[in-house]
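Engineer: All I have is the shape, not the residue letters:
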Ligand SMILES: Nc1ncnc2c1ncn2[C@@H]1O[C@H](COP(=O)(O)OP(=O)(O)OP(=O)(O)O)[C@@H](O)[C@H]1O
Ligand SMILES: [Mg+2]
C-alpha cells in the first residue's frame, strides 16, 4: 500500500499505527535516500511498539536498541555496510530476531541477507515535506489502512 504524508508528524503517525500491529519476529527493511525519513518512521514504530520516542540515528553506532518489557526494537543503519564480513561486524547475526522486531535503514546494502517475509518500506521524497511511503507487507495490514 502507499501513503503520502505532508510532515514528519504525519509520517510518525503512520509508523505508529504500523508499529502497534507488529509482532515478535518482524523485520522492517527501508529503502530511500539520505533524509528520506527512515529514522523518522522508526521513531513512530518505537512509539507504536510502546518503547517511547527517543529514537535517534544509528549511523555511527550501526545499531541502536530500544528495550521494552516484552519486546526490543533493533534499529540498524547499513549505510556503510556492503559485504557479509561488514554485516557480521555489526553483530547482525547475534541478535534475537525471532523474539524481537528489527528496522534496517539502507537495507539495499544487505538485501540478499534479509529474511523472505521482510516488510519492505520505500520512502520517496515528493518535495520538502511530502513523502510517498510504500509498504510491502504481503497484504498483512491491508485492512488496517483502508
Ligand atoms: N513527511 C515527512 N516525513 C518524514 N520526514 C520529513 C517529512 N517532511 C520533512 N521531513 C524531514 O526529512 C528529514 C528526514 O530525516 P531522517 O533522519 O528521518 O531521514 P533518514 O531517511 O533516516 O536519513 P539518513 O539516510 O540520513 O539516515 C527530517 O529532517 C524531517 O524533518
Ligand atoms: Mg536515518
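Structural biologist: Perfect, thanks for sending it. Only a predicted model underlies this, so the values are computations on that prediction, with no experimental measurement involved. Ligands and ions are numbered 1, 2, ... in the order given.

Engineer: Report the central residue of this structure.
Structural biologist: residue 103 (3.3 Å; CA atoms, centre = their mean).

Engineer: Past the helix or strand hosting that residue, which element shows up next along the chain?
Structural biologist: Applying DSSP states H and E as the criterion places residue 103 in strand 101-105. Next in sequence after strand 101-105, counting helices and strands by DSSP H and E, comes strand 119-125.

Engineer: Quick one: the strands in the protein, in order.
Structural biologist: For the chain, the strands defined by DSSP state E cover 2-5, 27-31, 63-67, 72-77, 101-105, 119-125, 131-136.

Engineer: returning to that earlier point: which residue sits closest to the residue nearest to the centre of the chain, ignoring its sequence neighbours?
Structural biologist: Once flanking residues are discounted, residue 103 sits nearest to residue 28: 4.3 Å by CB to CB, 6 or more residues apart in numbering. Any C-beta I mention is one placed from the backbone N, CA and C, and that applies to glycine too.

Engineer: Residue 18 against residue 45, yeah?
Structural biologist: Yes. Using CB atoms under 8 Å, residue 18 is in contact with residue 45, at 6.5 Å.

Engineer: Would you mind listing the residues in contact with the residue nearest to residue 103?
Structural biologist: 22, 42, 45, 101-104, 118-119, 121 (CB atoms under 8 Å, 6 or more residues apart in numbering).

Engineer: Could you rerun that using 6 Å?
Structural biologist: 103, 119, 121 (CB atoms under 6 Å, 6 or more residues apart in numbering).

Engineer: what about the residue of the chain found nearest ligand 2, neighbour count?
Structural biologist: At 3.4 Å from ligand 2, residue 39 is the closest residue in the chain, using CB to the ion. The tally of other residues near residue 39 (other CB atoms under 10 Å) stands at 19.

Engineer: can you tell me the average pLDDT over stretch 57-64?
Structural biologist: Throughout stretch 57-64, pLDDT has a mean value of 84.
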